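In: with the input below, show me the fold.
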Amino acid sequence: MAQCHPLVTRLLASSATAAAQAGKIIRDIFTRGDLNIVEKGVDDLQTEADRSAQNCIIESLSRQFPGITIIGEEGTSRCEVPSDWIVTNVDEEILKVKLPKDLENVSPQDICVWVDPLDGTSEFTQGLVDHITVLVGVAVGTKAVGGVIHQPYYKDLQKSSIGRTLWGIDGVGVGGFMPVPTLIGRRIITTTRSHSNKTVQAALDAMEPDEILRVGGAGHKVLLLLEGKAHAYVFASKGCKRWDTCAPEAILHAAGGKLTDLYGDSYSYDATTSHCNSKGVLATAPGEQHSWYLSRIPDEVKQEI
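Out: Next up, the predicted model:
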């Protein structure tokens, strides 16, 4: 890879190809049928696909960018992986982008990469593979500035191919897809499929939605906003983590949307921050008035979380 490109550009270009390779590993393991499921905690599953996909991404990026910090959902330990899992090629389209001035000369020590190798594990174990994504988010300092979302089971009927990789850089824009405006005249909210409770429902009711889409994975929910299928993503719970939201937040912001906690504050993504998004998640599609959704969150919901 040409070293003349800025570090952030090279890192995103490598993250895109690593995420796509992780998607292939996920498909191979699912086809084989032995998911080797373990329980990490209450309603928190891990499969062989989670572990293998993360090993692929972390090894591929660590070898190319030794000075950066990488935090993965399945831990930060490294191990030997098959040679064909190591990705060294890059996404050439990303290499062509022109970064904002503040991202052109970033040092490795200022970068933290957040990896969710298989977002939507619960749905994956149930065979709902359209819900799952591979997430690689890049933060500089405290801010999510770039991200990759790979959909292992996206079917491109025109190209007769499977898998799609989307990316975004704040201040640059998005690639791999074209954002679609949301429908006018109806309010569609997306939220958790498997982690609901009274507080989550109270926040949803306050939005007075015409329709609620309950799906798995933060990546999937933000994709619904980008594809014009939902106006907002509302999750009044502590269950979401930084690796769930770093990549989706960066891509959503690059497209003109917004993601915050339920108080309207941005989450920090530096290497020393807490992993838990303890004040919930509110994301709005490009063109939506984020402040309106914030104003609808009941005080009792904020106090509960």
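In: I figured V180 hits E227, correct?
Out: Yes: at 5.3 Å, V180 counts as touching E227 under the criterion of Cβ atoms under 8 Å. To be clear about C-beta, it is placed using only N, CA and C from the backbone, and glycine gets the same treatment.
In: can you work out which residues contact both of those two?
Out: Common contacts of V180 and E227, defined by Cβ atoms under 8 Å, 6 or more residues apart in numbering, are absent altogether.
In: in terms of helices and strands, where is the nearest residue to S122 once chain neighbours are set aside?
Out: Distances taken as Cβ to Cβ, 6 or more residues apart in numbering put S194 closest to S122, at 4.9 Å, once the chain neighbours are dropped. Following DSSP states H and E, one finds S194 outside all helices and strands.
In: now do the strands in the stretch 201-305 of the chain.
Out: For the stretch 201-305 of the chain, strands defined by DSSP state E, counting those that start in this stretch occupy the ranges 211-215, 232-235, 258-260, 281-284.
In: distance of the closest residue to L12 other than its chain neighbours from A250?
Out: Spatial nearest neighbour of L12, chain neighbours left out: G146 (4.7 Å); criterion: Cβ to Cβ, 6+ apart. Separation of G146 from A250 (Cβ to Cβ, to the nearest Å): 5 Å.
In: what touches both of those two?
Out: 137-138, 168-170.
In: any regions of the stretch 51-200 of the chain where pLDDT drops low?
Out: 75-79 (pLDDT under 70).
In: helices of that one, residue ranges please.
Out: 92-95, 121-125, 198-206 (DSSP state H, counting those that start in this stretch).
In: distance from stretch 20-38 to the middle of the chain?
Out: Distance of stretch 20-38 from the chain centroid (Cα atoms, centre = their mean, to the nearest Å) equals 19 Å.
In: give me the contact list for it.
Out: In this structure, residues lying in contact with stretch 20-38 by Cβ under 8 Å, 6+ apart are 45-49, 52-54, 56-57, 60, 85, 87, 117-118, 124-125, 129, 132, 134, 150-153, 162-163, 165.
In: would you mark the buried spots in that stretch?
Out: Of the residues in stretch 20-38, 20-27, 29-30, 35 count as buried by neighbour count, 16 or more other Cβ atoms under 10 Å.
In: tell me which of these is nearest to E80?
Out: Closest approach between these and E80, by Cβ to Cβ: I25, at 15.1 Å.
In: could you measure from the residue nearest to S122 over to F235?
Out: Distance, S194 to F235, by Cβ to Cβ: 12 Å.
In: save the helices of the stretch 51-200 of the chain as a markdown table, and put in distance to R187 and mean neighbour count too.
Out: Formatted as a markdown table, these follow (distance: least, Cβ to Cβ, whole Å; neighbours: other Cβ atoms under 10 Å):
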| stretch | distance to R187 | mean neighbour count |
| --- | --- | --- |
| helix 92-95 | 34 | 16 |
| helix 121-125 | 25 | 21 |
| helix 198-206 | 11 | 18 |
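In: make JSON lines from the ones you listed and add distance to I68 to it.
Out: Formatted as JSON lines, these follow (distance: least, Cβ to Cβ, whole Å):
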{"stretch": "helix 92-95", "distance to I68": "17"}
{"stretch": "helix 121-125", "distance to I68": "25"}
{"stretch": "helix 198-206", "distance to I68": "35"}
